[in-house]
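Participant: when you get a sec, could you give me coordinates for this:
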Amino acid sequence: MITDPVHPGIDQLLKLEPLERNLFRGTSHEGSPQRAFGGQVAAQALTAAGATVPEDRHVHSLHGYFIRGGRTDLPIVYEVERTRDGGSFTTRRVAAIQNGETIFSLSASFQKPADSSEHQARMPEVPAPDDVEVRDEDELPIMLSVIEARFISDPAAGLPDVGSGPRQRIWVRAKGRLPDNPLAHVCALTYISDIRLAGTAALPHRDEPGRAQLTSLDHAVWFHRPFRADEWLLFDMESRSFTNERGLTHGEFYTTDGRLVASVTQEVLLRRR
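Facilitator: Next comes the predicted model:
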């Protein structure tokens with residue numbers, strides 16, 4: 001059963017209509033001209049998968065492939081395959097279908113919580129969200145209607161190379177209060193995780209001749225620790241490779257107190273026309 005949202009924000013964009021036991025239908029907001037926003041499609045696919053999983057199992061990873069561009073003027077049907085229900089892990093596969101063709105495929109794994117020892121990477125030293133200048137952004141108007149984003153670096157130039165490639169860092173959070181169930185927050189973060197990854201890979205190539213065409217090829221997210229997507233999270237991104245028209249960007253999400261809560265990797269296709 002899909003829970004009704006508490007606030008008409010990002011969770012409203014992810015709301016699905018149940019059609020059959022394993023079938024759901026969603027709609028897309030405006031993206032690039034007549035192209036659905038990949039983060040919304042991935043998040044809706046995860047919402048569909050989560051609707052078939054017991055509440056005591058939390059998603060720990062997802063892997064998705066963008067197969068065709070989705071249209072914003074047609075609904076998307078999400079077909080869930082109940083691949084496995086094991087003692088500790090549950091696996092689901094989801095096909096996002098439009099006009100009888102698969103536009104996106106998702107594999108997601110859910111786990112019962114377990115106690116263990118821990119380690120994590122250290123959070124970068126950055127200004128707090130309240131110390132970052134707020135400025136208007138016109139590149140993602142629809143997305144920024146449901147999320148807040150405070151850019152620590154100039155998105156046109158990126159941060160200096162402190163690792164192996166160009167970087168961007170952004171404080172992000174969903175606007176409004178989200179429901180308390182963990183699935184709502186991992187789906188919201190899946191939506192958020194698709195912003196700026198492609199642009200980070202394209203930063204060193206922005207002055208090359210021709211009109212740039214950016215297309216996400218695949219997207220993976222790992223969820224490490226509990227979090228709230230309606231509280232500030234640092235999104236730290238770095239692109240370590242670009243070749244064969246394909247750029248790879250890795251990102252990490254940290255809470256304000258330094259907990260690493262999620263990691264994301266995306267490969268993007270960059271062509272010049």
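
Participant: surely Leu269 forms part of a helix?
Facilitator: No. Per DSSP: H, G, I helix; E, B strand; the rest coil, Leu269 lies outside any helix segment and is strand.

Participant: right, and it touches Ala202 too?
Facilitator: No. With contacts defined as CB atoms under 8 Å, Leu269 does not count as touching Ala202, sitting 10.5 Å away. Yep, even glycine has a C-beta here, placed from its N, CA and C like the rest.

Participant: looking at the two, which is more packed in?
Facilitator: Neighbours were tallied for Leu269 and for Ala202 using other CB atoms under 10 Å; the higher tally belongs to Ala202 (19 against 16).

Participant: looking at this, that one is in a helix?
Facilitator: Yes. When the secondary structure is assigned by three-state DSSP, Ala202 falls within a helix.

Participant: burial check on the nearest residue to it once chain neighbours are set aside, number of neighbours?
Facilitator: Take Ala202 and drop its neighbours on the chain: the residue closest to it by CB to CB, 6 or more residues apart in numbering is Leu270, 5.4 Å away. Look at Leu270: counted by other CB under 10 Å, it has 18 neighbours.

Participant: list the buried residues in stretch 202-215.
Facilitator: Buried residues in stretch 202-215, counting neighbours by 16 or more other CB atoms under 10 Å, are found at 202-203.

Participant: over to stretch 232-247?
Facilitator: Buried-residue list, stretch 232-247, by 16+ other CB under 10 Å: 232-239, 242, 247.

Participant: show me the contacts for the closest residue to Arg211 other than its chain neighbours.
Facilitator: Spatial nearest neighbour of Arg211, excluding adjacent residues (CB to CB, 6+ apart): Arg273 at 4.7 Å. Listed by CB atoms under 8 Å, 6 or more residues apart in numbering, the contact set of Arg273 reads 210-211, 213.

Participant: returning to what we had before: which residues are common contacts for Leu269 and Ala202?
Facilitator: By CB under 8 Å, 6+ apart, the residues touching both Leu269 and Ala202 are Leu214.

Participant: and of the buried residues of stretch 232-247, the nearest to Ile67?
Facilitator: Ile67 lies nearest to Gly247 out of the buried residues of stretch 232-247, by CB to CB, at 18.8 Å.

Participant: number of residues surrounding Thr91?
Facilitator: 16.

Participant: kindly report the same for Gly86.
Facilitator: 11.

Participant: state the distance from it to Gln111.
Facilitator: 10 Å (CB to CB, to the nearest Å).

Participant: again with Pro226
Facilitator: Separation of Pro226 from Gln111 (CB to CB) stands at 13 Å.

Participant: these two: which is more packed in?
Facilitator: Per other CB under 10 Å, whichever of Pro226 and Gln111 has more neighbours is Gln111, with 16 against 13.

Participant: touching, that one and Arg57? I think so.
Facilitator: Yes. The criterion here is CB under 8 Å, and Gln111 meets it with Arg57 at 6.2 Å.

Participant: grab the nearest non-local neighbour of Arg93.
Facilitator: Arg93's closest residue in space is Glu81 (CB to CB, 6+ apart), at 4.2 Å.

Participant: helix or strand for that neighbour, which one?
Facilitator: strand 76-85 (DSSP states H and E).

Participant: the next helix or strand after that strand to strand 76-85, inter-axis angle?
Facilitator: Next along the chain after strand 76-85, taking DSSP H and E as the criterion, comes strand 89-98. Interaxial angle, strand 89-98 versus strand 76-85 (axes from the mean of the first three to the mean of the last three CA atoms, to 10 degrees): 160 degrees.
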